[in-house]
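*Asks:* Got a predicted model here, sequence first, then my questions.
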Amino acid sequence: MKNRTSKNSAPKQLTEHNVSENNGQQPSESGERIQKVLARGGVGSRREIERWIAEGRLKLNGHLVTLGDRLKLGDHLQLNDRVLNWQKFSEQPTQVLIYHKATGEVVTRNDPEGRPTVFSRLPKLPTGRWINVGRLDINTSGLLLFTNNGELANRLMHPSSEVEREYAVRILGDVADATLEKLKHGVELEDGKAKFDEISFSGGEGANKWYYVIVREGRNRLVRRLWESQQVVVSRLMRVRYGPVVLPDGLKAQACYEMNDKELDLLFEFAGLTRTKPDVQEFKKMPKKHPIKIKRN
């Protein structure tokens, strides 16, 4: 099985939804919204931070934060009465990891059942935290993206972006052409109608057949549920592409690869964001052993 990208369609250019106009820069004299600064620094997603504001967990210069409040140089910010060095968050350079998730791992920071988590495999950040771009269920392997830039993560995950996700699927048995056409036109699931934007046969031996499928939304277990709606048994599922990023050939399970400057520039361009390079000491880079393919419009 080899990684591939769709021959007939390129990833859709993302919209201008919810973009910070000075992404990666210090707030201007008029300030920048608190949730944007903290999300960009990986403190939490914007939704999480907005919930913290609603719960009264954030204080700005001694007063409870409201959704419209902005940060300016010299402002004093607290989360749960602990001081946040937000200037450091806003200055850190963007990092993006490609991680090859193994079957059996869960996409959570702490699992009460003691199962292996993807976050335990990631390198430590001196500031902020890794944010996962989308999720994969425990039985699905393949490409996961992580970044310390909440704005970039939000843009790549937002439903309005309709970013393509491509999967390699191993099916048990043969699938009728009529079933494939039905899956491309759409079927009703418990949470609404869904479809594969593309399905292509990729060969196979004996009872096992391989297909590549593309979807443009991130509903839970969507690919598996679409096949199962037609009584088709999925014996293996692996994500091989997210938007323009393809799982690098040779990247072993539970290993990760950090994007370099050129690759980050292309990813920001795809996301419709302007990448700036903060004037701070570069974080220690991970060894680069596997080339990454960036698919452009």
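*Replies:* Looks like it arrived, so ask away.
*Asks:* Show me what the helix or strand that residue 226 is a member of is packed against.
*Replies:* Taking DSSP states H and E as the criterion, residue 226 maps to helix 222-228. If you count contacts as 3 or more C-beta pairs under 8 Å, 6 or more residues apart in numbering; DSSP states H and E, helix 222-228 packs onto strand 165-172, strand 187-189, strand 192-194, strand 208-215, strand 233-242. Placement of C-beta: from N, CA and C, glycine included.
*Asks:* Pick the most deeply packed of these.
*Replies:* Looking across the helices and strands packed on helix 222-228 with neighbours counted as mean count of other C-beta atoms under 10 Å, the highest average goes to strand 165-172: a mean of 21.
*Asks:* which residues sit against it?
*Replies:* Surrounding strand 165-172, the residues in contact under the criterion C-beta atoms under 8 Å, 6 or more residues apart in numbering are 1, 3-6, 134, 142, 202, 204, 207-216, 218, 223, 227, 232-242.
*Asks:* Export the helices and strands packed on helix 222-228 as TSV, with columns for mean pLDDT and distance to residue 47.
*Replies:* Below are the helices and strands packed on helix 222-228 laid out as TSV (pLDDT from 0 to 100; distance: least, C-beta to C-beta, whole Å):
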stretch	mean pLDDT	distance to residue 47
strand 165-172	96	21
strand 187-189	94	24
strand 192-194	94	21
strand 208-215	96	22
strand 233-242	96	20
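*Asks:* re the thing from before, now tell me what touches the helix holding residue 226 from outside.
*Replies:* Contact partners of helix 222-228, identified using C-beta under 8 Å, 6+ apart, comprise 137, 139-140, 167, 169, 171, 183, 187, 189, 194-196, 213, 215, 233-234, 237.
*Asks:* what is the rounded mean pLDDT of that helix?
*Replies:* Averaged over helix 222-228, pLDDT sits at 96.
*Asks:* swap in stretch 87-104?
*Replies:* 87.
*Asks:* Tell me the secondary structure at residue 112.
*Replies:* Three-state secondary structure (criterion: DSSP: H, G, I helix; E, B strand; the rest coil) places residue 112 in coil.
*Asks:* Let me see the contact set for it.
*Replies:* Contacts of residue 112 (C-beta under 8 Å, 6+ apart): none.
*Asks:* any idea how far the closest residue to residue 80 other than its chain neighbours lies from residue 83?
*Replies:* In space, and not counting its chain neighbours, residue 80 is closest to residue 57: 5.4 Å by C-beta to C-beta, 6 or more residues apart in numbering. The gap separating residue 57 from residue 83 is 14 Å, by C-beta to C-beta, to the nearest Å.
*Asks:* Residue 128 too?
*Replies:* For residue 128, the distance to residue 83 - C-beta to C-beta - is 15 Å.
*Asks:* Just want to know which of the two has more residues nearby.
*Replies:* residue 128 (21 against 10; other C-beta atoms under 10 Å).
*Asks:* OK, contacts around the more buried one?
*Replies:* Each residue near residue 128 by C-beta under 8 Å, 6+ apart is listed here: 41-43, 89, 92, 148.
*Asks:* how about it, secondary structure?
*Replies:* Residue 128, by the three-state scheme (three-state DSSP), is coil.
*Asks:* what comes up buried for the longest helix anywhere in the chain?
*Replies:* In the chain, taking DSSP state H as the definition, the longest helix is helix 261-271. Buried residues in helix 261-271, defined by neighbour count with 16 or more other C-beta atoms under 10 Å: 263-264, 266-271.
*Asks:* cool, and stretch 136-153?
*Replies:* Quick answer for stretch 136-153 (16+ other C-beta under 10 Å): 136, 140-153.
*Asks:* again, but for stretch 33-50
*Replies:* Buried residues in stretch 33-50 (16+ other C-beta under 10 Å): 33-46, 49-50.
*Asks:* Break down the stretch 1-150 of the chain into its helices, ranges please.
*Replies:* Assigned by DSSP state H, counting those that start in this stretch, the stretch 1-150 of the chain shows helices spanning 34-40, 46-54, 86-91, 150-157.
*Asks:* For residue 69, find the nearest of the ones you listed.
*Replies:* Among the helices of the stretch 1-150 of the chain, helix 34-40 comes nearest to residue 69, with 5.6 Å by C-beta to C-beta.
*Asks:* What helices and strands are in contact with that closest one?
*Replies:* helix 46-54, strand 70-71, helix 86-91, helix 150-157.
*Asks:* how about 10 Å then?
*Replies:* Judged by 3 or more C-beta pairs under 10 Å, 6 or more residues apart in numbering; DSSP states H and E, helix 34-40 is in contact with helix 46-54, strand 58-60, strand 70-71, strand 77-79, strand 82-84, helix 86-91, helix 150-157.
*Asks:* and those, which one's lowest on average pLDDT?
*Replies:* helix 86-91 (a mean of 72).
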